[in-house]
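Enquirer: Have a look; sequence and predicted model below, questions after that.
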There are 4 protein chains.
Amino acid sequence: MLDELRARVLEANLEIVRRGLVLYTFGNASGIDRTTGMVAIKPSGVPYEAMTAADMVVSDLHGRIIEGDLKPSSDLATHLELYRAFPSIGGVVHTHSEFATAWAQAKREIPPFGTTHADYFYGPVPVTEELSAEEIQGDYVLNTGKAIVRRFRNLDPDAVPGVLVAGHAPFAWGRDPMDAAYHGFVLEAVARMAYYTATLNAEGGGVSQALLDRHYFRKHGAKATYGQGGGKN
Amino acid sequence: MLDELRARVLEANLEIVRRGLVLYTFGNASGIDRTTGMVAIKPSGVPYEAMTAADMVVSDLHGRIIEGDLKPSSDLATHLELYRAFPSIGGVVHTHSEFATAWAQAKREIPPFGTTHADYFYGPVPVTEELSAEEIQGDYVLNTGKAIVRRFRNLDPDAVPGVLVAGHAPFAWGRDPMDAAYHGFVLEAVARMAYYTATLNAEGGGVSQALLDRHYFRKHGAKATYGQGGGKN
Amino acid sequence: MLDELRARVLEANLEIVRRGLVLYTFGNASGIDRTTGMVAIKPSGVPYEAMTAADMVVSDLHGRIIEGDLKPSSDLATHLELYRAFPSIGGVVHTHSEFATAWAQAKREIPPFGTTHADYFYGPVPVTEELSAEEIQGDYVLNTGKAIVRRFRNLDPDAVPGVLVAGHAPFAWGRDPMDAAYHGFVLEAVARMAYYTATLNAEGGGVSQALLDRHYFRKHGAKATYGQGGGKN
Amino acid sequence: MLDELRARVLEANLEIVRRGLVLYTFGNASGIDRTTGMVAIKPSGVPYEAMTAADMVVSDLHGRIIEGDLKPSSDLATHLELYRAFPSIGGVVHTHSEFATAWAQAKREIPPFGTTHADYFYGPVPVTEELSAEEIQGDYVLNTGKAIVRRFRNLDPDAVPGVLVAGHAPFAWGRDPMDAAYHGFVLEAVARMAYYTATLNAEGGGVSQALLDRHYFRKHGAKATYGQGGGKN
């Protein structure tokens, strides 16, 4: 079973590279097996070309390394905080994809300018508060996760499967590692179009609540009508 | 004959992917056989890589499925409204191509800034009004088509083969499915150059009426002089 | 000899496609044999993939077709005007490359913001005046050439091997067809960086006259020191 | 030993082309063997496709050519000045990569907007002063190097491995030629995201000193925790 998890996590890591979200080793994907509570994540600083499923590092939800000879991604503690706080998610990706990172660096949330956004994010893509000097000097990676979780106090992580960490870059998640990678890619596409929109029309456009509802709920939830199976996608 | 229609519709769907107008399954192309009134369209949510001509769904102009085991694209009712209102067109494409979508999201028409535009669009690329909450909560996909048709009350769809749906994305059309895909691509190229133009020169430039006439009519209509045959292209 | 000219003109037409300056058939390259005064140019509206050297159309400097079964590019009269007015040039290209076209559409000359520009263009890349309605309704393609030539009344076409036609797109030239294609490509690269520069710093930067002189003259003229041969490149 | 240096310098020159930092021959990479003080650099104006290790030109730190039949890159004197002033560096690259060049042309330093920047550059990427007419008319290439060195009077070249030459383009360096190429690539990625950030939020964002410290020092110096070896990367 962990073999399958490692294989899926490897696949999600390769997907974020193939989709152009990651340069060199600037990114990572993980997945969780909810039955055992085991998390698999990319090792730190290993080139993607050479990576195999066996290189994925397995830890428990408290960061104890269970399997693997390599050091885990330096962002592991952020991923674990998300898995602990958001019980419905099964995969997390972190990238420095360029337009989502630009919004994160500009410390602006991405407004729902159109239906591409509304198809995947039920409301703005939020930006966290900046971490304090204490949070940065302390357990920084864990505190990054806590800042995300705080930002979602009144948000549903299933309805908004991504976030911008202020001054840093995006995280995205999903029901499994590949779904997280998919949301990471959609977030970048939405961020890119939102950049062009915002610079064309400084007052912004923005969809109406009715349009946001219509698009989001035709792809998600019990009444979804999109795709062949009636479910997501 | 429907086999040929399905093959052409498949080809137009693949073309919009090859030309980079579509990510994942965010787009669709259709075609109509005017003799029988049959419309073929891409199925909903099926990956492009696996799609065959036999997967195309055939419906009549009222949306009754005539052939095909899969659900049609969720945008079918918009396509049908365009075929009913614009009797000269033979193909329709819908994409979320990034610059055309940005203009749609900014709710700005694309001004005719230059001759590339004037070669294909005789005037601005218009943007629809926003749909009301009632229109969105009602028969939304059909109402999207109606908003386009309303916007064209005083416009010639042959002279302006595309539109921006406010807060959504572009539709383009043509004499057959591949011509519609071609216009979808030209619209994106025009939107991209118009974005750079508008951000360089906020007052905009804009071609004169004389230049618009000259460029449009050298490619279209009885006196066209462009290409080897004297006709379009 | 005309065989060689046709082959070189074909090669320059393929080069502007390979370098991404041209979409579909939106562009053309030509060359002149100064001994005989014969000009070869791309035929109108023929797909690049299928084009052979034999398809190039040969005309004299007055536009009389000497060889070739196809119609010449609809821009032939502009090319011929440039060959008549600028006796030192041997090739001309016309593209709708996106950033150079954006500056042309914005009706702004491209300032010499840096040494990449100064290496190839000794001063701003100029923009023509807009054509009058009479010029457009009259012999439009020829009048486009005349507008360029008027703009160069006090400019040296060897020191500034390109121009922006207002509301239209760029033309570039060189000592032979491939050199013209090269200048068309450099013009696009310079236009792209100038776009980013101008939007970062509205007052613009701009090189000093001393830097413009230094860079331009180390690649051009009798004292050139760049490359292995001391000459251009 | 010089064979190995030449091979590494060739590889770094090819890397900056593969990574899209260089068009035609607009760029160069060099490396130094600190034991012998020998520097190998790309020859001037030779196409990258045809280049071999044997074509690399070897000079001493004073610019005397020791080996090689070709003329060295016209920027050699800048590289040598950097090797003389920054004894810890082992490789230098110069490119006209488009976003870094745009910042250089706009004469704006690149602020540390986020952690991607902070991972590699401990503070803004600085921009030199403009060279005076005397410096340009005199030993221009050497004076370019001197302007960089002057700009670093109070900066640590190991902590800020790159610079923007005003009105020109970037230089980057590293512990060896490939590391310099890597920093040239990261600089372009950082410049691109900073461009989007600055145009989204004119007041800019900017990381806190605490975040800058955290990110920089987790990849660099004695306490680095990133990667498998504890060292850089």
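Expert: Yep, it's here.
Enquirer: Let me know the pLDDT of the closest residue to A:His215 other than its chain neighbours.
Expert: On the basis of C-beta to C-beta, 6 or more residues apart in numbering or on different chains, the spatially nearest residue to A:His215 that is not a chain neighbour turns out to be A:Ala118, at 3.6 Å. C-beta here means a position set from N, CA and C on the backbone, and glycine is covered the same way. Turning to A:Ala118, the model gives it a pLDDT of 95.
Enquirer: ok, now the one 5 residues further on?
Expert: We note a pLDDT of 96 for A:Gly123 in this prediction.
Enquirer: For it, give me its contacts.
Expert: Residues counted as contacts of A:Gly123 (C-beta atoms under 8 Å, 6 or more residues apart in numbering or on different chains) are A:112, A:155, A:159-160, A:212.
Enquirer: I'd like to know which of those residues are part of strands.
Expert: Under the assignment DSSP state E, those contribute nothing to strands.
Enquirer: Out of these, give me the one that has the most neighbours.
Expert: Using other C-beta atoms under 10 Å in any protein chain shown as the contact criterion, the top neighbour count among the contacts of A:Gly123 goes to A:Pro112, which has 29 neighbours.
Enquirer: Can you give me the distance of that one to A:Met193?
Expert: Counting by C-beta to C-beta, to the nearest Å, the gap between A:Pro112 and A:Met193 amounts to 11 Å.
Enquirer: Which ones among the contacts of A:Gly123 lie within helices?
Expert: Restricting the contacts of A:Gly123 to those inside helices, with DSSP state H as the criterion, leaves A:Leu212.
Enquirer: quick one: which of the contacts of A:Gly123 is nearest D:Thr101?
Expert: A:Pro112 (34.9 Å; C-beta to C-beta).
Enquirer: shouldn't that closest one be in contact with A:His215?
Expert: No: the criterion here is C-beta atoms under 8 Å, and A:Pro112 misses it with A:His215 at 9.2 Å.
Enquirer: joint contacts of those two?
Expert: Taking C-beta under 8 Å, 6+ apart as the contact criterion, the residues that touch both A:Pro112 and A:His215 are A:118, A:207.
Enquirer: and whichever residue of chain A sits closest to chain C, what element?
Expert: Using C-beta to the nearest C-beta, the single residue of chain A nearest to chain C is A:Thr199, 8.6 Å away. Here A:Thr199 sits within helix A:177-200, counting by DSSP states H and E.
Enquirer: what about A:Lys219, neighbour count?
Expert: Residue crowding around A:Lys219 was assessed by other C-beta under 10 Å; the count is 18.
Enquirer: low-confidence ranges in chain A?
Expert: By pLDDT under 70, the weakly predicted segments of chain A are A:1, A:204, A:223-227, A:229-233.
Enquirer: Closest to the centroid, which residue in it?
Expert: The residue lying closest to the centre of chain A (C-alpha atoms, centre = their mean) is A:Ala172, at 1.0 Å.
Enquirer: all strands of chain A, in order?
Expert: Along chain A, the segments classed as strands by DSSP E run A:27-33, A:38-41, A:57-59, A:65-67, A:91-95, A:162-164, A:170-174.
Enquirer: and among those strands, the most buried is which?
Expert: Scoring those by mean neighbour count under mean count of other C-beta atoms under 10 Å in any protein chain shown gives strand A:91-95 as the most buried, with a mean of 31.
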